[in-house]
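Asks: Dropping the sequence and predicted coords here.
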Amino acid sequence: MGNPQLAVRTIYRSTDGGAHWATISSNLPETPVSGVVVDPQDANTVYLATDAGVFSTRQIATCAAGASNCWTPFGAGLPQSPVVALSAAPSSVSPTVLAAGTYGRGVWQIPLWTAGTQLTTATATSTTLTFASQTYGSTSATQTVTLANTGSIALVPSAIAASGDFSETDNCLNATVNGGASCTIQVTFTPTQTGTRSGLLTIGANIAGGQLTVLLSGTGTSAGPVQLAPVSLSFGDVEVGTTSTALQVTVQNSSTSAVPVSSIAATAPFVLASNACGSSLAAGSDCQLTVEFAPAQAGAASGTLTLATSSGSQTVALSGTGAAPPTDTLSPVSLTFAGTIIGQASAAQTVQLANSGGVPLTSIAAVASGPYQVASTCGTQLAANSSCSLSVTFAPTAAGSQPGVLTVTDILKKQTIALAGTGLLPPAFAVSPPSLSFPTQQTGVASSPQTLTISNTGGAPMANVGFQITGPWANSFSTGASTCGATLANGSSCTVQAIFTPASAGGNTATLTVTSSTLGVKAATVVLSGTGQAVSGLNVSPAQMSFAVTTLGQTSAAQAVTVTNSGATAATGLTFSTAHPSAWCRTAAEQRSPRGQAARQAWCLRPRPTARRREHSR
């Protein structure tokens, strides 16, 4: 069963082929690590796949040293799901991206730290350095490695580190070495044990593969009965004005007699924190010393822990870097958003949070009040000498001025940024008149146009006013000239003409719909109506019919009349009727035409059958 008090270590590093391992978990969250990828263009840059997202460092060579806080969240936008695998595109392909596979939420990609980096070529004067035998605990003379830029692009060494019992100083790191120029690296050997010792000098730079290596070797010899281990301590970055975690040194007396201790001291800014050895080292025993680093100013610091005994003096080399305290600069100090329609979100505006200090800024949180939302790429901590973004959007819930506040807190203080924006009523249509009625119009002939006025009565502009006619008689109506352009400003109006060209006789109706491409604008409708009148085209044949004399009470033989429509439209609602002869006589008599006179002679002057019957009865 696991020990809940035991700190979780999730990532380790070896510099001797796996013979020894050191944890580099540093400030990682206590969560499983599922994958490790080294940047193909910078061997000092490493990416981790964890259950809490992707983390990265650009200082893997010093990540295990002291109280280093080397890991930071990489990028933003991943879903809340464990990252189970990583893959980095080779430097020979484009684009140079890091792909992350998540548990059930898909595959994502983001540019590598080194995306866009130009590569050059470089050589070291030697691929191996061999040191003469050196007394245990003492430091050898310096050997030099020259790093030369053999390409045309500037060489920028990004990381230089020596492993094992070897250390280095240089004038190369983060310098710009132009084509044909060079810089130097000085390497020393301080054996921590007797016998053959080996190490590796690693030079990271903007070259193919990301690094050059030099093999290091030497032999440690016995220095007497008292030995210190390790022979060097590196505290990494420690904030100025604070004290580091104590690191331990073991003192061992391998002789068969006690060895008196004359003094134990550490040079400033290093402090001997505890001494369990006392004034004498018992025969065949060991004891522990602890040392702390308390930098008073920014920059690299070095010192020595010295143990003086009757058999001589032993030393431990001490090193560390005083890091400037974190800063939390916000820019800009206020944000003003353009007028935004109620229910919609504005374009995002960005606030930058910058940490120009030498240690991470921690306990970061951001919240926005009122109708504002904030999204952050900062996480809860911001690495030294870096910046992150707070993205703010405005989503008004009411019309008028709507102020708010962005509050950013961290380990140092709380800061606020004033937010201002104006909520706008959505654009809306008003159409006048609400309906159009056209006078009776001959079918197939266009009417005179009638004008509709379209107004925007809302608080914001609308775009692309359009017109559509629908209904069973939609083909009888059309739109003509319009003054409505790409945008109709709030409080303004435009016009469109409507035309009636009846496709059929009788009543014609349709609906004109006015629309806008702006989100949320409700369409307006106008009822269109008009009557189509067909051109007369009815003819009958024959034009006159004569019936033979027929006995009273009997029915004559039927005669046919042919009705012909020669017009362009169908004739509907036809009715047929006949008139009494006397009525027809009156009509014909009133006409002053040969046809009327002939009809009168044919029918009106003949004696009526009823009149003859009356005469006969007399």
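Replies: Arrived safely, thanks for sending. As the structure is a computational prediction, the values presented were derived from the model and not from experiment.

Asks: Tell me how far the most centrally placed residue in the chain lies from residue 53.
Replies: Closest residue to the average C-alpha location of the chain: residue 77 at 6.9 Å, with CA atoms, centre = their mean. For residue 77, the distance to residue 53 (CB to CB, to the nearest Å) stands at 10 Å. To be clear about C-beta, it is placed using only N, CA and C from the backbone, and glycine gets the same treatment.

Asks: Likewise for residue 190?
Replies: 40 Å.

Asks: Give the bridge partners for the residue lying closest to residue 440 once chain neighbours are set aside, please.
Replies: Counting by CB to CB, 6 or more residues apart in numbering, residue 531 is the residue found nearest to residue 440 once chain neighbours are left out, at 4.6 Å. Beta bridges link residue 531 to residue 507, judged by DSSP bridges.

Asks: ok, residue 531 - contacts?
Replies: Shown in contact with residue 531 (CB atoms under 8 Å, 6 or more residues apart in numbering): 438-441, 502, 506-508.

Asks: Please apply the same query to residue 121.
Replies: Per CB under 8 Å, 6+ apart, neighbours of residue 121: 149-151, 207-208.

Asks: Which of these are buried, as a ChimeraX select command?
Replies: Burial among the contacts of residue 121 is assessed by 16 or more other CB atoms under 10 Å; the matching ChimeraX selection reads:
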select :149,151,207
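
Asks: Run through the stretch 451-600 of the chain and note the low-pLDDT ranges.
Replies: Within the stretch 451-600 of the chain, the segments meeting pLDDT under 70 span 536-537, 566-573, 579-600.

Asks: what about 80?
Replies: Of all residues in the stretch 451-600 of the chain, those with pLDDT under 80 make up the ranges 534-541, 543, 565-600.

Asks: how about the helices in it?
Replies: In the stretch 451-600 of the chain, the segments counted as helices under DSSP state H, counting those that start in this stretch are 581-590, 594-599.

Asks: Give the bridge partners for residue 234, please.
Replies: Bridge pairing for residue 234 - DSSP bridges - gives residue 319.

Asks: how close does it sit to residue 320?
Replies: Distance check for residue 234 against residue 320: by CB to CB, it reads 7 Å.

Asks: same question, residue 274
Replies: Going from residue 274 to residue 320 by CB to CB gives 18 Å.

Asks: Would you mind telling me which of these two has more residues around it?
Replies: residue 320 (26 against 12; other CB atoms under 10 Å).

Asks: Check what pLDDT that one gets.
Replies: At residue 320, the pLDDT value in this model is 91.

Asks: so what's it closest to, chain neighbours aside?
Replies: Nearest to residue 320 is residue 235, by CB to CB, 6+ apart, at 3.4 Å.

Asks: Test my guess that that neighbour contacts residue 323.
Replies: No. Residue 235 is not in contact with residue 323 according to CB atoms under 8 Å; the separation is 10.6 Å.

Asks: quick one: which of the two has more around it?
Replies: A direct count of neighbours by other CB under 10 Å for residue 235 and residue 323 places residue 235 higher, at 26 against 22.

Asks: From residue 294, how far out is that one?
Replies: Per CB to CB, residue 235 is found 10 Å from residue 294.

Asks: Run through the stretch 301-450 of the chain and note the low-pLDDT ranges.
Replies: For the stretch 301-450 of the chain (pLDDT under 80), the answer is 311-313.

Asks: try the stretch 1-150 of the chain
Replies: Applying pLDDT under 80 to the stretch 1-150 of the chain flags residues 1-9, 15-20, 41-44, 59, 61-69, 76, 91-95, 114-117, 135-138.

Asks: can you pull out the strands in it?
Replies: Secondary structure of the stretch 1-150 of the chain by DSSP state E, counting those that start in this stretch: the strands cover 12-13, 22-23, 33-39, 42-50, 53-57, 72-73, 83-88, 97-102, 107-111, 122-124, 128-130, 134-135, 143-149.

Asks: Which strands or helices does the helix or strand that contains residue 291 pack on?
Replies: Per DSSP states H and E, residue 291 falls inside strand 285-293. Contact analysis of strand 285-293 by 3 or more CB pairs under 8 Å, 6 or more residues apart in numbering; DSSP states H and E lists strand 232-239, strand 247-253, strand 270-275, strand 299-309, strand 312-323 as its packing neighbours.
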